[in-house]
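In: Mind folding the following:
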Amino acid sequence: MKKIIKLVFSVAVIAILIYLGLQSYNKVMRFIYPIDYTDYVEEFSSKNNLDEYLVYSVIKCESSFKPEAVSSIGAKGLMQMTPDTFDWVRTKYKDDDELTSDDLFNPKVSIEYGTYLLKMHIEEFGSEKTALAAYHAGRTAVKDWLSNPEYSSDGKNLDKIPYEDTSDYVNRVLNTKETYIKIYGGTENE
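Out: Modelled structure (predicted):
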């Protein structure tokens, strides 16, 4: 009887340790892959028919959720948009706001215009992968790649992304999206 009690006790202790280990793992993963600016992400993801986890992944990969981030090429804010791209998006968005590129440091503005740009790319190119390539390298480069059989066998999908940094970026964002889905739940939308 003592052996059975010891065995039950040991199994219970192991189960508790496993449970606590999983809880710690989830806390660590949620720290590494945060969900922040949820009101803006939810609002503008919904408005632009985007998967929230895709938006969180772009923000994570672009700025690590730092609204003051500036890249080496002058991209600004959470979603890292260059001043020229911001000006172009504003002509498509048709806003009446008097904004400058410094407003991209405002999380609401960055997420609002970044999600709109991402939506335009998805509508134009038809897939998250190609849209992310355009988000990173520009739509002109992606159009050139799609017209080149070396990079696209059907003219609609990229078989190969010739810029290594863009290829790495696309893979990083898509892998990060998968991680967000695993951590927070949900389904993939593409």
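In: which regions of this protein sit below the pLDDT cut-off?
Out: Scanning the chain with the threshold set as pLDDT under 70 gives 6-23, 186-190.
In: which stretches of it form helices?
Out: 2-32, 38-47, 52-63, 83-93, 107-125, 128-137, 139-146, 164-184 (DSSP state H).
In: can you give me the angle the third one makes with helix 107-125?
Out: Put simply, helix 52-63 runs at 110 degrees to helix 107-125, going by axes from the mean of the first three to the mean of the last three CA atoms, to 10 degrees.
In: what sits up against helix 52-63?
Out: Helix 52-63 has contacts (CB atoms under 8 Å, 6 or more residues apart in numbering) with 33-37, 41-42, 44-45, 65, 69, 75, 77-80, 111, 114-115, 118, 128, 132, 135, 169, 172-174, 176-177, 180-181, 184, 186, 188-189. Backbone N, C-alpha and C define where each C-beta goes, glycine included.
In: just to revisit the earlier point, compare the helices of the chain and give me the one nearest residue 157.
Out: Residue 157 sits nearest to helix 128-137 of all these, at 6.6 Å, using CB to CB.
In: and the chain, what are its domains?
Out: 1-32, 36-184 (automatic domain parsing).
In: mind putting the ones you listed in JSON lines, mean neighbour count included?
Out: Shown next, in JSON lines, are the domains of the chain (neighbours: other CB atoms under 10 Å):
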{"stretch": "domain 1-32", "mean neighbour count": "10"}
{"stretch": "domain 36-184", "mean neighbour count": "18"}
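In: What sits closest to residue 80 if chain neighbours are left out?
Out: residue 62 (3.9 Å; CB to CB, 6 or more residues apart in numbering).
In: What distance do you get for the one you found to residue 166?
Out: Residue 62 sits 13 Å away from residue 166, going by CB to CB, to the nearest Å.
In: Who are the contact partners of residue 174?
Out: By CB under 8 Å, 6+ apart, residue 174 lies in contact with 57, 128-129, 132.
In: so how far is residue 37 from it?
Out: Applying CB to CB to residue 174 and residue 37 gives a distance of 21 Å.
In: same deal with residue 149?
Out: Distance from residue 149 to residue 37, by CB to CB: 41 Å.
In: swap in residue 75?
Out: Distance from residue 75 to residue 37, by CB to CB: 17 Å.
In: Next, residue 82: phi, psi?
Out: Dihedral pair for residue 82: phi -80, psi 160, per degrees, to the nearest 10.
In: ok, and the closest non-adjacent residue to it?
Out: residue 75 (4.8 Å).
In: So that neighbour is in contact with residue 81, correct?
Out: Yes: counting by CB atoms under 8 Å, residue 75 does reach residue 81; the two are 5.9 Å apart.
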